[in-house]
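K.L.:
mind looking at a prediction? Sequence and model below.
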Amino acid sequence: GKPLVMHIHSLEVDRGGPQSKGWVYQVEKRGMEYADILMPVSNFTGHVIHDYYHIPWSKIVPVHNGIRPVEPFKSEQMFKEKMVLFVGRLTRQKGPEFFVDIAERVLEKDQNVRFVMAGTGEYFNPLLERAAQKGIAHRFHLTGFLNLDKVRKLLSIADVYVMPSLSEPFGLSAVEAVQFGIPAVISKQSGVSEVLNGSLKFDYWDINRAAGYILSLLHDPVLVENVKA
C-alpha cells in the first residue's frame, strides 16, 4: 500500500536490444507498471521506457545523473602519438566494435594516433582479433580492467574521448572525460548527449562521421577549445 518510486539506471532493452523480451524484461515491465513514479537517468531512457515497455509518460520524470567533481591533472605522455580513449565494459551495449572500426578509418588518414580501450567484458578477445584482422594492432591497445586511479591517469594523457554506445542510459564516463578537459565524441543514443552541449555527436553506426570528428579534433586546436567550452 506504499507509493513506489523507481530510479531507472539501465534496462534489458539497453543491454540486449529491442528484441530482448525474456524474463528480465518481464520483471522490469511489471515493476514499472506497479510503480507510481519512474525516475530514469535521462530523457533517452524515458523514451525507452515509454516506447518499449509501454509505460505512460505521465509517471516518467527524468533526472540526469550527477558526478562528484574531480581535480583534473595532466601527465607526461607515454608515447609520441596522439591518444584516443574509450572507457567502459566491453559488451554489445557500449559499441566497442564500432570503436575498432572508427580507429581503422582514422588510421587510414593519420598513423600518428594510438587508440586505447580501458575495460573488460565478453568482447575482449573478439576485439583483439578484430584489430589484428584490420592490421591496426600496432596502434590499438586493450588494457583490461583498470582501477579508478589508472583510469584517471589515462584521462590525464588522452587527446580525444569516444563513446560509441548503442543504447546508453546516461554515460558518466563521458562526463569524467570532460572534467579532465578532453573533447568528447559521443553517440546520440545516450543520455549524456542531452547535457554535454559542446561535445560532437554521431549516430553510433556512423563510423565515418565519428572518424571525421576525431581527425578534426586532433588537428584543429580551435575546434578543441570550442568543444571543451
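P.N.:
Yep, it's here.
K.L.:
got the contact list for the worst-scoring helix or strand of the chain on mean pLDDT?
P.N.:
When the helices and strands of the chain are compared on mean pLDDT, DSSP states H and E, helix 221-228 comes out lowest with a mean of 89. Helix 221-228 is contacted by residues 178, 181-184, 198-200, 216-217 when judged by CB atoms under 8 Å, 6 or more residues apart in numbering. C-beta: built from backbone N, CA, C; applies to glycine.
K.L.:
the residue nearest the centre of the chain - nearest residue in space that isn't next to it in sequence?
P.N.:
Nearest to the mean C-alpha position of the chain, by CA atoms, centre = their mean, lies M163 at 3.3 Å. Spatial nearest neighbour of M163, excluding adjacent residues (CB to CB, 6 or more residues apart in numbering): I186 at 4.5 Å.
K.L.:
ok, now N112?
P.N.:
Using CB to CB, 6+ apart, the nearest residue to N112 is E81, at 5.1 Å.
K.L.:
mind listing what that neighbour touches?
P.N.:
With the criterion set at CB under 8 Å, 6+ apart, E81 makes contact with 112-114, 139.
K.L.:
report the buried members of these.
P.N.:
Buried members of the contacts of E81, scored by 16 or more other CB atoms under 10 Å, are 113-114, 139.
K.L.:
narrow those to those in strands?
P.N.:
113-114 (DSSP state E).
K.L.:
can you show me the CA trace of stretch 123-133 as CSV?
P.N.:
Presented in CSV, the C-alpha positions along stretch 123-133 are these (Å, rounded to 0.1, in the frame of the first residue of the first chain):
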residue,chain,number,x,y,z
TYR,A,123,34.1,-8.8,-26.3
PHE,A,124,37.7,-8.6,-25.1
ASN,A,125,39.1,-11.4,-27.2
PRO,A,126,36.9,-10.8,-30.3
LEU,A,127,38.1,-7.1,-30.3
LEU,A,128,41.8,-8.2,-30.2
GLU,A,129,41.1,-10.4,-33.2
ARG,A,130,39.2,-7.7,-35.0
ALA,A,131,42.0,-5.2,-34.5
ALA,A,132,44.6,-7.8,-35.7
GLN,A,133,42.5,-8.6,-38.8
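K.L.:
tell me the mean pLDDT over that stretch?
P.N.:
Averaged over stretch 123-133, pLDDT sits at 96.
K.L.:
buried stuff in that stretch?
P.N.:
Buried residues in stretch 123-133 (16+ other CB under 10 Å): 123-124, 127, 130-131.
K.L.:
got the residues you listed as a markdown table, with distance to E33 columns?
P.N.:
Listed next are the buried residues of stretch 123-133 as a markdown table, based on distance: CB to CB, whole Å:
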| residue | distance to E33 |
| --- | --- |
| Y123 | 33 |
| F124 | 37 |
| L127 | 38 |
| R130 | 40 |
| A131 | 44 |
